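K.L.:
I need the structure of the sequence given here:
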Amino acid sequence: MGEDKALLPFGEFSTLTEYQYHRLLPLFEKIYISTKSDKFPFKAPTIFDDETLGVYAPTAGLLTIFNQLKSNAFFAISVDTPFVDEKVIKKLIEVHEKENKDAVIAKSPNGIHPMCGIYTKNLLPKLKEMVKNNQHRLGYLLKTSNTDFVYFENDDPFFNLNHPEEYKLAIEKTK
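P.N.:
As a prediction, the model looks like this:
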């Protein structure tokens, strides 16, 4: 993207992060923002990456979240997927509540979406081992765990903002 996409303006909000935070608030009891630093121009509960892990990667972020929240499970979504809607989230939660899986992750024709799903504390030993061994691929974690990949026929909700042209297209979609 060439700049921190979490800080790009989106919708009626000064940042994409604030947009995601406010649109998801009605769906969850509590929402936390996982981040490396205090960089957002709004107030929200924040979980800062554990610097003692020596790495900033999704695996270390998940490990930090579990260590700080003391929760058995949580829903994770990346800041750069602003079109994952309530229907997708509710389906993932529904599957999680019915199944006894380590993770419940969205999948679409374009592949799996590791940062759109529910992670359980059953993954903690494997996450610790992966961080210790400098292995940070979430795909590996999910494929070697008891994961339920929930298939969605439409890729649109998982549209990811990685490049300036994708960001511009997303802005147009919100108008």
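K.L.:
max-length strand in the protein?
P.N.:
strand 111-120 (DSSP state E).
K.L.:
Neighbours of residue 116, how many?
P.N.:
Applying other CB atoms under 10 Å, we find 25 residues neighbouring residue 116. Glycine gets a C-beta too; all of them are placed from N, C-alpha and C.
K.L.:
secondary structure element for the closest residue to it other than its chain neighbours?
P.N.:
Leaving aside its chain neighbours, residue 116 sits nearest to residue 106 (4.2 Å; criterion: CB to CB, 6 or more residues apart in numbering). Assigned by DSSP states H and E, residue 106 belongs to strand 103-108.
K.L.:
Show the pLDDT at the residue nearest the centre of the chain.
P.N.:
By CA atoms, centre = their mean, the chain has its centre lying nearest to residue 77, at 2.3 Å. Residue 77 carries a pLDDT value of 96.
K.L.:
where do the strands sit along the chain?
P.N.:
33-35, 46-48, 73-77, 103-108, 111-120, 147-151.
K.L.:
would you put the C-alpha positions of stretch 102-112 in CSV?
P.N.:
What follows is stretch 102-112, C-alpha atoms only, in CSV (Å, rounded to 0.1, in the frame of the first residue of the first chain):
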residue,chain,number,x,y,z
ASP,A,102,-9.4,-25.4,17.5
ALA,A,103,-10.4,-22.8,14.9
VAL,A,104,-13.3,-21.9,12.6
ILE,A,105,-12.0,-20.0,9.6
ALA,A,106,-13.7,-18.5,6.5
LYS,A,107,-12.9,-20.0,3.1
SER,A,108,-14.0,-18.8,-0.3
PRO,A,109,-13.2,-19.6,-4.0
ASN,A,110,-10.0,-17.5,-3.5
GLY,A,111,-8.8,-19.6,-0.6
ILE,A,112,-8.7,-19.5,3.2
